[in-house]
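Participant: how does the following fold in three dimensions:
(chains A, B, C and D)
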4 protein chains.
Amino acid sequence: MTVEDRVRVSFQRQTVMQTLGMILVEVKEGECIIGFDYAEKLTQQHGFIHAGVIATALDSACGYAAYSMMPEGAAVLSIEFKTNLMRPAKGERFEARARVVKPGRTVHFTEASLFALTDDSEKLVATMTGTLMVVTGREGIQG
Amino acid sequence: MTVEDRVRVSFQRQTVMQTLGMILVEVKEGECIIGFDYAEKLTQQHGFIHAGVIATALDSACGYAAYSMMPEGAAVLSIEFKTNLMRPAKGERFEARARVVKPGRTVHFTEASLFALTDDSEKLVATMTGTLMVVTGREGIQG
Amino acid sequence: MTVEDRVRVSFQRQTVMQTLGMILVEVKEGECIIGFDYAEKLTQQHGFIHAGVIATALDSACGYAAYSMMPEGAAVLSIEFKTNLMRPAKGERFEARARVVKPGRTVHFTEASLFALTDDSEKLVATMTGTLMVVTGREGIQG
Amino acid sequence: MTVEDRVRVSFQRQTVMQTLGMILVEVKEGECIIGFDYAEKLTQQHGFIHAGVIATALDSACGYAAYSMMPEGAAVLSIEFKTNLMRPAKGERFEARARVVKPGRTVHFTEASLFALTDDSEKLVATMTGTLMVVTGREGIQG
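Facilitator: Numbering: from 1, shown residues only, chains lettered A, B, ... in the order given. Purely as a prediction, here's the structure:
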């Protein structure tokens, strides 16, 4: 399986992605983009996208950016992430764009940004830095 | 309105809480608990609750713990949070328990923990530290 | 060597501790306290202790709390930490108190708080959550 | 006073910068670079620069990047920062390079990277994301 195929198979098993209407826009070695549309079901009390939904997109994007650099048979688990929320998440469409800043044998360091997109502009809404662990040989944990 | 009433009104406007099956378990001054049951629609690729869903519960709990200490008419916005993921989130029921560590005029510092609960035990799954801003007089931002 | 002895040997090799006037107050399994006195050489522009100095004490305390739970021969390296600065660091004496929240085979999750102490009170100044890696068999990295 | 002059005046009052041998390499609106040489007095137990020293350089660089965008008379205080430590900090010379990602009326969001420099290369050692508060009219807090 190519890296992209492995990521797509794992992504389809992330049921929460469907729940939130998130799709895998692009994946290549060390990079991943996840997109979603504005929907009322994703909002907090002011009608903006909830910060936790933002974190969900960013974390999955970081996870798959990292996973795309891991050896076959390995699985990926988030150890920690930090999110900065710079602007209220209003817009029609959003993209979480992640990349691996420093891969490693045991942990991968990643960075990601969430943008609100319109037809002719994009605005930075939030950023994440996250650490992902390479997990091998743990029963029931694949992908 | 009592503090609890104000929080309940705002919580009901957080549409994503219904989407994810999250309920307001308890709120008092400077503290908030949000609970949810395991559901397949919340999971990542290994069948655990997705880290972003965990962050959603923790962030809302932190937000309402902070909001419960703010003056009437103020609104609450998350500036940043950091989440540590200590154990895979498996279990039947989960609670995010948050408290304000240091309230302030402009920002509130909060801490929260997510526990996996069974009838006779609880396990720490994740923690969050988060900073929330007190927002006043910004149009369209209430609660 | 006892755990405490191992920590003390390593602490003495942390030259920056002497540079900043920091001492190992206490260490036991999974816990560590580092103390230091106010000194002008540690300050930022307003005369408070610099946030980086605070982070230095907190990170070493987290590191040794983690190290105290590692097998002999292992070394400890910080992967990441996050610090919340709740109050200006004014006072005469400070203590960074750390504990391991969740030990692991590869990574340890820790928490720490920095207090400003007077004879009869203590005030929370800052907190840290940090992740430490267990390093074994890497040349030149011990303790 | 120009922005650069204001930053230089404040930097000189950060006594800890002298203690650690750190200098202000460059400052312009929204950006700041702080440099320092390897010295044994800055090291942890393996002979690398201590993570807290790294955080000190990064935090000051973030702080002055933010301060350079604040109105005259305002002061800057760190609310929180998170540091990822990607490689052991070995090298002869280091630079912490910070920029404001999103300025605001009350808080500024910043990002910074620490590089280990040799004559013909640079290596990313660590990153920071930090939030700085704009403080006005608080007695004894200037610069």
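
Participant: C-alpha only now, for contacts and for neighbours.
Facilitator: Noted.

Participant: confidence score at the nearest residue to A:Glu92 once chain neighbours are set aside?
Facilitator: Once flanking residues are discounted, A:Glu92 sits nearest to A:Tyr38: 5.0 Å by Cα to Cα, 6 or more residues apart in numbering or on different chains. At A:Tyr38, the pLDDT value in this model is 98.

Participant: contact partners for A:Tyr38?
Facilitator: Applying Cα atoms under 8 Å, 6 or more residues apart in numbering or on different chains to A:Tyr38 gives the contacts A:49, A:90-94.

Participant: adding secondary structure, write those residues out as a markdown table.
Facilitator: Below are the contacts of A:Tyr38 laid out as a markdown table (DSSP: H, G, I helix; E, B strand; the rest coil):
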| residue | secondary structure |
| --- | --- |
| A:Ile49 | strand |
| A:Lys90 | coil |
| A:Gly91 | coil |
| A:Glu92 | coil |
| A:Arg93 | strand |
| A:Phe94 | strand |
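
Participant: what helix or strand is the spatially most central residue of chain A located in?
Facilitator: With distances taken as Cα atoms, centre = their mean, the residue of chain A nearest its centroid is A:Ala61 (1.9 Å). Using DSSP states H and E, A:Ala61 maps to helix A:51-67.

Participant: buried stuff in stretch A:113-124?
Facilitator: A:113-117, A:124 (16 or more other Cα atoms under 10 Å in any protein chain shown).

Participant: near chain B too, which of these?
Facilitator: Here nothing survives when these are matched to chain B using Cα under 8 Å from any Cα of the partner chain.

Participant: with pLDDT and secondary structure as added columns, please give these in a markdown table.
Facilitator: Converted to a markdown table, the buried residues of stretch A:113-124 look like this (pLDDT from 0 to 100; DSSP: H, G, I helix; E, B strand; the rest coil):
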| residue | pLDDT | secondary structure |
| --- | --- | --- |
| A:Ser113 | 98 | strand |
| A:Leu114 | 98 | strand |
| A:Phe115 | 98 | strand |
| A:Ala116 | 98 | strand |
| A:Leu117 | 96 | strand |
| A:Leu124 | 98 | strand |
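
Participant: most widely separated two among those?
Facilitator: Using Cα to Cα, the two most remote members of the buried residues of stretch A:113-124 are A:Ser113 and A:Leu117, lying 12.3 Å apart.

Participant: what's downstream of the helix holding A:Ala61, the next helix or strand?
Facilitator: Later in the chain than helix A:51-67, the nearest helix or strand by DSSP H and E is strand A:75-85.

Participant: angle of that next one against helix B:51-67?
Facilitator: Strand A:75-85 runs at 30 degrees relative to helix B:51-67, counting by axes from the mean of the first three to the mean of the last three Cα atoms, to 10 degrees.

Participant: I'd like the average pLDDT over strand A:75-85.
Facilitator: On average, strand A:75-85 scores 97.

Participant: that strand - contacts with which helices or strands?
Facilitator: On a contact count with 3 or more Cα pairs under 8 Å, 6 or more residues apart in numbering or on different chains; DSSP states H and E, strand A:75-85 meets helix A:51-67, strand A:121-135, strand B:75-85.

Participant: report the distance from the shortest one to the chain centre.
Facilitator: Shown here is strand B:75-85, whose average C-alpha point lies 9 Å from the average C-alpha point of the whole chain (Cα atoms, centre = their mean, to the nearest Å).

Participant: check whether A:Gln18 sits in a helix, strand or coil.
Facilitator: Classification of A:Gln18 by three-state DSSP places it in helix.

Participant: so what's it up against?
Facilitator: So A:Gln18 contacts B:Lys41 (Cα under 8 Å, 6+ apart).

Participant: and if you look at A:Val101?
Facilitator: Residues near A:Val101 by Cα under 8 Å, 6+ apart: A:108-111.

Participant: which one of the buried residues of stretch A:113-124 is nearest to A:Gln45?
Facilitator: Taking Cα to Cα as the measure, A:Gln45 lies nearest A:Ala116 of the buried residues of stretch A:113-124, at 18.7 Å.

Participant: pretty sure that closest one contacts A:Arg87?
Facilitator: No. Under the criterion of Cα atoms under 8 Å, A:Ala116 is not in contact with A:Arg87, lying 9.8 Å apart.

Participant: neighbours of the nearest residue to A:Met128 once chain neighbours are set aside, how many?
Facilitator: Once flanking residues are discounted, A:Met128 sits nearest to A:Thr83: 4.4 Å by Cα to Cα, 6+ apart. By other Cα atoms under 10 Å in any protein chain shown, the residues close to A:Thr83 number 27.

Participant: okay, and the beta partners of A:Thr83?
Facilitator: A:Met128, B:Phe81 (DSSP bridges).

Participant: any idea how far it is from C:Ala96?
Facilitator: According to Cα to Cα, to the nearest Å, A:Thr83 and C:Ala96 sit 25 Å apart.

Participant: any idea how many residues pack against A:Val103?
Facilitator: One thing to correct before we go on: residue A:103 is Pro, not Val. A:Pro103 sits with 17 neighbouring residues when counted by other Cα under 10 Å.

Participant: contact partners for A:Leu117?
Facilitator: If you count contacts by Cα under 8 Å, 6+ apart, then A:Leu117 has A:91-95, A:123 around it.

Participant: now these: which count as buried?
Facilitator: A:91, A:93-95.

Participant: isn't A:Ile79 up against A:Leu132?
Facilitator: Yes. Using Cα under 8 Å, A:Ile79 is in contact with A:Leu132, at 5.5 Å.

Participant: quick one on the thing from earlier: surely the residue nearest to A:Met128 and A:Leu114 touch.
Facilitator: No. Look at A:Thr83 against A:Leu114 with Cα under 8 Å: they stay out of range, at 10.1 Å.

Participant: so what sits against both of the two?
Facilitator: A:126-127.

Participant: tell me the secondary structure of A:Phe11, please.
Facilitator: helix.

Participant: that one - nearest residue in space that isn't next to it in sequence?
Facilitator: Distances taken as Cα to Cα, 6+ apart place B:Gln45 nearest to A:Phe11, at 6.9 Å, with adjacent residues excluded.

Participant: how close does that neighbour get to chain C?
Facilitator: 22 Å (Cα to the nearest Cα, to the nearest Å).

Participant: returning to what we had before: return the residues in contact with the residue nearest to A:Met128.
Facilitator: By Cα under 8 Å, 6+ apart, A:Thr83 lies in contact with A:55, A:126-129, B:80-82.

Participant: mind putting those in CSV, neighbour count included?
Facilitator: Shown next, in CSV, are the contacts of A:Thr83 (neighbours: other Cα atoms under 10 Å in any protein chain shown):
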residue, neighbour count
A:Ala55, 28
A:Ala126, 24
A:Thr127, 25
A:Met128, 26
A:Thr129, 28
B:Glu80, 25
B:Phe81, 28
B:Lys82, 26
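
Participant: nearest to B:Gly21, of the residues you listed?
Facilitator: Distances from B:Gly21 to those, taken by Cα to Cα, are shortest for A:Ala55, at 17.8 Å.

Participant: what sits against the closest one?
Facilitator: A:83, A:128, B:52, B:55-56.

Participant: pull the most distant pair out of these.
Facilitator: Across those, the longest distance by Cα to Cα is 14.6 Å; it joins A:Met128 and B:Thr56.

Participant: so A:Leu24 is in which element?
Facilitator: strand A:22-28.

Participant: by contact count, what packs against that strand?
Facilitator: The contact analysis (3+ Cα pairs under 8 Å, 6+ apart) places strand A:22-28 against helix A:3-13, strand A:31-37, helix A:51-67.

Participant: residues of the last one that come out buried?
Facilitator: By neighbour count with 16+ other Cα under 10 Å, helix A:51-67 contains the buried residues A:51-67.

Participant: same check, this time on the first one
Facilitator: Judged by neighbour count using 16+ other Cα under 10 Å, the buried positions of helix A:3-13 are A:3-4, A:7-8, A:10-11, A:13.
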